[in-house]
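In: The amino acid sequence is not available; the structure is as follows:
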């Protein structure tokens, strides 16, 4: 088992445990991190076949399956259920699932009683290397993804890689899109590491960035590398791509945009295509993608400052670039069809 710490100020640092069978340490972890907790509200979804033993009185609260669960209606229903059960600020919420569950459980925990501790048991690769780490929680609006939420860090995270054995291949691919991103944020070739160490390295890269910019006022925005177009594809909602697949297309788009702006050369773009292709992920827009629609969604991106804003690779690594010319944005959409 590998432990990576997310170093935060004011004694809020927390461990992320990575490895096969690590969730078996949940009860002991709760005693160490939250010794006063008496009850655990376990937030999960139907079909998540991961049994946990928090070692304290617990109740399961199921939310709907799929991205539609990330709604304000779900948060209201969940918080009302917490209230009916009598959950208190001294108890704990445990999110058991993928990114949808960790986003919803985290936001509900942040909102209920103005803050209840939350622990995540991440059951997908995407959640283990991204969604469960760093304290960003939230839900969607019809106008875009993750437009309502809160920064609420977990007290403890478990990334049990054994649970990934049961996932469909496409669910693993969804996480590989995020893993591809870390190749360009960490500066090392993750494929040289064995799998658990690769997951831990992704967590370590994210932890370093989060510690430097906890509330996404600067450097943390680089974690959205590939996500501006990726989220636009998802928001459009009819192209059949999962999150990691959409991010993979977004990485190729960001690379081509970086080259068009003179930030990187063709060899660096080719490296993006090699990494994304090595994971068996798409490198082109889905058939029928509407450029006008994608540009409209990207213009509303919550990171947008002074027009179109992207995280882009460059001589000093990935950086946030604002005010990108709309004509270039459109040209690069056409380039990756």
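Out: Nice, thanks for sending it over. This one's a predicted model, so the numbers in the text were calculated from it and none came from an experiment.

In: Let me know whether residue 107 touches residue 135 as I believe.
Out: No: using Cβ atoms under 8 Å, residue 107 is not in contact with residue 135, being 10.8 Å away. No exception for glycine: its C-beta is placed from N, CA and C like everyone else's.

In: Are there residues contacting both of the two? Which ones?
Out: Common neighbours of residue 107 and residue 135, counting by Cβ atoms under 8 Å, 6 or more residues apart in numbering, are residue 152.

In: If you count surrounding residues, which of the two has more?
Out: Per other Cβ atoms under 10 Å, whichever of residue 107 and residue 135 has more neighbours is residue 107, with 26 against 21.

In: State the helix or strand in which residue 311 lies.
Out: Assigned by DSSP states H and E, residue 311 falls within strand 308-312.

In: so what strands line up beside that strand?
Out: Counting by DSSP bridges, the strands paired with strand 308-312 are strand 319-324 (antiparallel).

In: Residues in contact with the partner strand: which ones?
Out: Contact with strand 319-324 is made by 218, 221-222, 257, 261, 263, 303-312, 314, as judged by Cβ under 8 Å, 6+ apart.

In: Distance check, the residue minimising distance to the centre of the chain against residue 309.
Out: By Cα atoms, centre = their mean, the chain has its centre lying nearest to residue 131, at 2.9 Å. Here residue 131 is placed at a distance of 22 Å from residue 309 (Cβ to Cβ, to the nearest Å).

In: Residue 93 too?
Out: Separation of residue 93 from residue 309 (Cβ to Cβ): 33 Å.

In: dump the residue contacts of residue 196.
Out: Counting by Cβ under 8 Å, 6+ apart, residue 196 touches 2, 18, 19, 20, 161.

In: Provide the secondary structure category for it.
Out: Going by DSSP: H, G, I helix; E, B strand; the rest coil, the secondary structure assigned to residue 196 is helix.

In: How about the residue nearest to the centre of the chain: what's its closest non-neighbour residue?
Out: The spatially closest residue to residue 131, leaving aside those adjacent along the chain, is residue 99, at 3.4 Å (Cβ to Cβ, 6 or more residues apart in numbering).

In: still on that earlier bit, show me the contacts of residue 196 that map onto strands.
Out: Residues of the contacts of residue 196 located in strands (DSSP state E): 2, 18.

In: Now the buried members of the contacts of residue 196.
Out: The neighbour-count test (16 or more other Cβ atoms under 10 Å) applied to the contacts of residue 196 identifies 2, 18, 19, 161 as buried.

In: so who does the third one touch?
Out: Residues counted as contacts of residue 19 (Cβ under 8 Å, 6+ apart) are 1, 2, 159, 160, 161, 196.

In: measure the closest residue to the fourth one other than its chain neighbours to residue 102 for me?
Out: Distances taken as Cβ to Cβ, 6+ apart place residue 23 nearest to residue 160, at 4.2 Å, with adjacent residues excluded. Distance of residue 23 to residue 102, given as Cβ to Cβ: 14 Å.

In: Of these two, which one has the most company?
Out: More neighbours surround residue 102 than the other of residue 23 and residue 102, with 30 against 22 (other Cβ under 10 Å).

In: What helices and strands are in contact with the host helix or strand of the more buried one?
Out: Secondary structure from DSSP H and E places residue 102 in helix 99-111. Secondary-structure packing of helix 99-111 (3 or more Cβ pairs under 8 Å, 6 or more residues apart in numbering; DSSP states H and E): strand 39-45, strand 57-63, helix 72-85, strand 92-97, strand 118-122, strand 136-141, strand 144-151.

In: picking up where we left off before, could I get the contacts of residue 19 as CSV with distance to residue 293?
Out: Below are those laid out as CSV (distance: Cβ to Cβ, whole Å):
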residue, distance to residue 293
1, 45
2, 42
159, 35
160, 39
161, 38
196, 40
